[in-house]
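Novice: What would the 3D arrangement of this be:
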Amino acid sequence: MKLIIAIIGPEKLEAVEAALHEQEACLISVSHVMGDGRESGRTTIYRGTEFRVQQPKLRVEIVVDDWFVDGVVKAIVHASSTGDSGQSDDSRVCVMHLDEYVTSRIAQEDRWRLEHEMDDPWWPR
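Specialist: Residues are numbered from 1 along each chain as shown. The predicted model follows:
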């Protein structure tokens, strides 16, 4: 299993979701993040004090099987591209290997029992 993390601009979310649905990658998680570290943001003056404001971004996380990764990454990059290379609004995509993926505590306990062929003494009966 692989975890794909993409940082995209908020205006590109609908296009990315549509591209992921075409690839049949429907289980995604989206969260708000600020900036990406390299961009300077924009400077604002508030009550006479100047400060920097980071650009709002979205973090999209998807867990997929290994054979599914290339299509999903291409779909994200294509859907979130601004057309200008080097723009701060272009997406950043990271793919990481997952050693384990468990959906609930019950599934984790069942897995433990299968591995050890015995009951967990701490699990309530």
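Novice: Which stretches in the protein count as helices?
Specialist: Listed in chain order, the helices of the chain (DSSP state H) span 13-22, 69-80, 105-116.
Novice: Next, the angle from the shortest one to helix 69-80.
Specialist: So the one you mean is helix 13-22. With axes from the mean of the first three to the mean of the last three CA atoms, to 10 degrees applied, the angle from helix 13-22 to helix 69-80 works out at 150 degrees.
Novice: in helix 13-22, what's buried?
Specialist: Using 16 or more other CB atoms under 10 Å as the test for burial, helix 13-22 gives 13, 15-17, 19-20. Any C-beta I mention is one placed from the backbone N, CA and C, and that applies to glycine too.
Novice: Tell me where the protein has strands.
Specialist: 2-8, 28-34, 42-46, 49-53, 56-64, 92-97 (DSSP state E).
Novice: Which one of those strands lies nearest to residue 82?
Specialist: strand 2-8 (10.2 Å; CB to CB).
Novice: Could you pull out the buried residues of that closest one?
Specialist: Applying 16+ other CB under 10 Å to strand 2-8 flags 2, 4, 6-8 as buried.
Novice: Same question for stretch 27-34.
Specialist: residue 28.
Novice: what's next to that stretch, contact-wise?
Specialist: With contact meaning CB atoms under 8 Å, 6 or more residues apart in numbering, stretch 27-34 is reached by 7, 13, 17, 20, 54-63.
Novice: Reformat those residues as JSON lines; add distance to residue 31 and pLDDT.
Specialist: Below are the contacts of stretch 27-34 laid out as JSON lines (distance: CB to CB, whole Å; pLDDT from 0 to 100):
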{"residue": "7", "distance to residue 31": "10", "pLDDT": "90"}
{"residue": "13", "distance to residue 31": "11", "pLDDT": "90"}
{"residue": "17", "distance to residue 31": "14", "pLDDT": "91"}
{"residue": "20", "distance to residue 31": "16", "pLDDT": "90"}
{"residue": "54", "distance to residue 31": "15", "pLDDT": "75"}
{"residue": "55", "distance to residue 31": "15", "pLDDT": "78"}
{"residue": "56", "distance to residue 31": "11", "pLDDT": "82"}
{"residue": "57", "distance to residue 31": "10", "pLDDT": "88"}
{"residue": "58", "distance to residue 31": "7", "pLDDT": "90"}
{"residue": "59", "distance to residue 31": "5", "pLDDT": "93"}
{"residue": "60", "distance to residue 31": "8", "pLDDT": "93"}
{"residue": "61", "distance to residue 31": "8", "pLDDT": "94"}
{"residue": "62", "distance to residue 31": "13", "pLDDT": "92"}
{"residue": "63", "distance to residue 31": "15", "pLDDT": "89"}
